[in-house]
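Novice: Sequence first, predicted model second:
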Amino acid sequence: MAKKDADSSGQVTPGEPVKKEKPEKTYTDDEVKARIAAAVKDRLKNVPSKDRLAELEAAEVALKERELADMSELEAQTKHAKDLEEELALEKELRKAEEAARAHMELQRKVAEEFGIEKAALRLAGSTEEELRADAQKYLDEKTPQTPAEAGGRGGNPPGSDKTDDLDAQYKKAQREGDTMTMARLRIERRAAVS
């Protein structure tokens, strides 16, 4: 005879085997205790020993120290990079000041040529061409030949005639005052005086 099974509507379909539900297995107290002991034993296999825990803690401390050292090294490198940037900015500023000083010296030379006082070009004071012209005219007005007796009476070199010593003193003064423009101009004049 064909086996009958109930479909979802509750009706039995002919020719299909009847499925029986398997009852849940029940365990005795001893079986439950044995299964719990086995599970605990499996878990304890994965728990590190005290020695292994000490090794792991030491490794963690060493890793944190290394991270701190790396951070300190990174901070040191960052500070060094910042210092280099500041030095580069200062160098750019100094070059800019030297270029401005060269342009000013060229303007002094041009005005001195116009007045025929080329040797006194660097002596001309003023920041604009008009001021340099006025100083050149003043220089010409004051320029009169003097005898050694009128100049100081004893002859010899007048004070401050050693141009490089005078430039060095002026440079030190400008350096103390932080006047980079004057420092650049004096550096150029010093090079010109030595060569």
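Specialist: Now that the structure is in, tell me what you want to look at.

Novice: Quick one: residues contacting Leu186.
Specialist: Shown in contact with Leu186 (Cβ atoms under 8 Å, 6 or more residues apart in numbering): 167, 170-171, 174. C-betas here are computed from N, CA, C, even on glycine.

Novice: can you rerun that using 6 Å?
Specialist: 167, 170-171 (Cβ atoms under 6 Å, 6 or more residues apart in numbering).

Novice: what about it, distance to Gly178?
Specialist: 14 Å (Cβ to Cβ, to the nearest Å).

Novice: Could you do Tyr27 as well?
Specialist: 92 Å.

Novice: Compare those two and say which one has the larger neighbour count.
Specialist: Per other Cβ atoms under 10 Å, whichever of Tyr27 and Gly178 has more neighbours is Tyr27, with 11 against 8.

Novice: Name the secondary structure element that contains the closest residue to that one other than its chain neighbours.
Specialist: Take Tyr27 and drop its neighbours on the chain: the residue closest to it by Cβ to Cβ, 6 or more residues apart in numbering is Arg35, 7.3 Å away. Element membership for Arg35, per DSSP states H and E: helix 29-46.

Novice: Can you pull up the most central residue in the protein?
Specialist: Centroid check for the chain by Cα atoms, centre = their mean gives Lys82 as the closest residue, at 2.1 Å.

Novice: re the thing from before, past the helix holding Arg35, which element shows up next along the chain?
Specialist: By DSSP H and E, the next helix or strand past helix 29-46 is helix 50-115.

Novice: and that following helix, how far from the chain's centre?
Specialist: Distance of helix 50-115 from its chain centroid, counting by Cα atoms, centre = their mean, to the nearest Å, is 4 Å.

Novice: tell me the mean pLDDT over it?
Specialist: The average of the pLDDT scores along helix 50-115 is 87.

Novice: and the helix or strand following that helix with helix 50-115, angle?
Specialist: Using DSSP H and E, the next helix or strand after helix 50-115 towards the C-terminus is helix 129-142. Relative orientation of helix 129-142 and helix 50-115, computed by axes from the mean of the first three to the mean of the last three Cα atoms, to 10 degrees: 50 degrees.

Novice: Show which residues not belonging to helix 129-142 make contact with it.
Specialist: Against helix 129-142 from outside (Cβ under 6 Å, 6+ apart): 111, 115, 120, 124-126.

Novice: PyMOL command to pick out the buried ones of the residues you listed?
Specialist: To isolate the buried members of those in PyMOL, using 16 or more other Cβ atoms under 10 Å:
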select buried, resi 111+115+120+124+126
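
Novice: can you put the contacts of helix 129-142 in CSV and add distance to Glu60?
Specialist: Formatted as CSV, those follow (distance: Cβ to Cβ, whole Å):
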residue, distance to Glu60
Val111, 76
Phe115, 82
Ala120, 78
Leu124, 74
Ala125, 72
Gly126, 72
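
Novice: Which single one of the contacts of helix 129-142 is nearest to Ala193?
Specialist: When those are compared for distance to Ala193 (Cβ to Cβ), Ala120 comes out closest, at 14.3 Å.
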